[in-house]
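A.B. asks: sequence first, then the predicted structure:
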Amino acid sequence: MNIVDYLRISLIDRCNFRCQYCMPEGTEIDYILKQNLLTNNELLTLLKEVFIPVGFIRFRLTGGEPLLRPGLVDLVGAIASFPETKDLSMTTNGFLLADMAKDLYQAGLSRINISLDSLDSDTFNLIIGNRGRSRWQLVWNGIQAAYEVGFDPLKLNVVVIPGVNDDEVLDLAALTIDRNWHIRFIEFMPIGNDKLFDDRGWISSEELRQRIGKKWGLTESFVRGNGPADVFQIPGALGTLGFISQMSECFCDRCNRMRLSADGWLRPCLLNEMGQIDLKNALRNGVSVEELRQQVEYLLGIKPEINFKQRESGTTGIYSRTMSQIGG
Ligand code: SAM
Ligand code: SF4
């Protein structure tokens, strides 16, 4: 059986972007009230007393936009200082990163993934729902800053939307030729914006690989990550190309993660809402950490049955929370 030792922690459900595929302008979202967010102390208690003792050793901070979380650098420092922490990473939209990259790196963040769906400023603004001054350059500055302070590997996430940014797949892939960057193409999922999904559809990783392979050739990389990405390389390139194919493939059998939402719900599967545990309220109601450990251990035991293998039974309209709420 797969070892589940990786926890994705959503630090906040709010965001300074309104990406079309995630939380488009006009979507009504029931934001978590401040008093319902796990506090830093509660989160650290859960990690130290519950998650680490049952075997979690790798943590990713996400959101919403994690850089908006107050006290982030101290929180990173505290998680990195647990002797058991083997890996501490973050997924961010990069908008506030230029000023924070160095502090985060020095606090012990080891890896970072930055979302960058387009190299074209107008397309980028369209995707992130920004009508003001272009934000592309600030995100690009954040990416450069992260690279310069030493985040290695540096990963860029791209959600490919047909007719919006799929014409840039080759340009984005080309970034890996002379940089040791990892570009990861993520299949668009009907979670967050069903209408866009129904209107535009999605493009499979296989099709993207064919397009890229036709231009440069593509070899399967011997470097396999810990996650769901299938890793390839343009021959001779310094970086790699990852393909995350949650729509066209089922990688439930190699799933190694659980997710903790910003309001303390532990969720065993991104695409299946069964089995969740409300750890925040349990903690606030005085349930002991020993009892919580038992509950998490039980959930680990039944996790293989809580999956999304039944893809063919339909994908749209079944999720009650968006990626920004779950912690994508
Ligand atoms: N705000 C940060 C960011 O954008 O990187 C972290 C949170 S975001 C929810 C995490 C990841 O989920 C991003 O890489 C984003 O592209 C991805 N994502 C959000 N909605 C998605 C969707 N409908 N289909 C595929 N990926 C999605
Ligand atoms: Fe915000 Fe990330 Fe969702 Fe975009 S994908 S709206 S940056 S949480």
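C.D. replies: Okay, I see it. Ligands and ions are numbered 1, 2, ... in the order given.
A.B. asks: contacts, neighbours, all on C-alpha from now
C.D. replies: Will do.
A.B. asks: quick check: closest non-adjacent residue to the residue in the stretch 101-250 of the chain that ligand 2 sits nearest to.
C.D. replies: Residue nearest to ligand 2 within the stretch 101-250 of the chain: Ile128 (6.3 Å; C-alpha to the nearest ligand atom). In this structure, Ile128 finds its nearest non-sequential neighbour in Cys19, 4.0 Å apart by C-alpha to C-alpha, 6 or more residues apart in numbering.
A.B. asks: check that neighbour and give its pLDDT.
C.D. replies: Note on Cys19: pLDDT of 95.
A.B. asks: state the number of residues packed around Lys214.
C.D. replies: 10 (other C-alpha atoms under 10 Å).
A.B. asks: check Gly236 too.
C.D. replies: 12.
A.B. asks: gap between it and ligand 1?
C.D. replies: Applying C-alpha to the nearest ligand atom, to the nearest Å, the value for Gly236 to ligand 1 is 26 Å.
A.B. asks: now that residue: which helix or strand?
C.D. replies: Assigned by DSSP states H and E, Gly236 falls within no helix or strand.
A.B. asks: wait, it sits on Ile177?
C.D. replies: Yes: counting by C-alpha atoms under 8 Å, Gly236 does reach Ile177; the two are 7.3 Å apart.
A.B. asks: surely Tyr147 is within a helix?
C.D. replies: Yes: secondary structure assignment places Tyr147 in a helix (DSSP: H, G, I helix; E, B strand; the rest coil).
A.B. asks: how close does it sit to Gln246?
C.D. replies: 28 Å (C-alpha to C-alpha, to the nearest Å).
A.B. asks: rewinding a little: OK, contacts around the residue of the stretch 101-250 of the chain closest to ligand 2?
C.D. replies: Ile128 sits next to 17-20 when contact means C-alpha atoms under 8 Å, 6 or more residues apart in numbering.
A.B. asks: still on that earlier bit, how many residues are close by the residue nearest to Ile128?
C.D. replies: 20.
A.B. asks: what does this structure have sitting close to ligand 2?
C.D. replies: 15, 17-19, 22-23, 63-65, 93, 324 (C-alpha under 6 Å from any ligand atom).
A.B. asks: again, 8 Å this time
C.D. replies: Applying C-alpha under 8 Å from any ligand atom, we find that the chain lies next to ligand 2 at 13-24, 63-65, 92-93, 115, 128, 323-324, 328.
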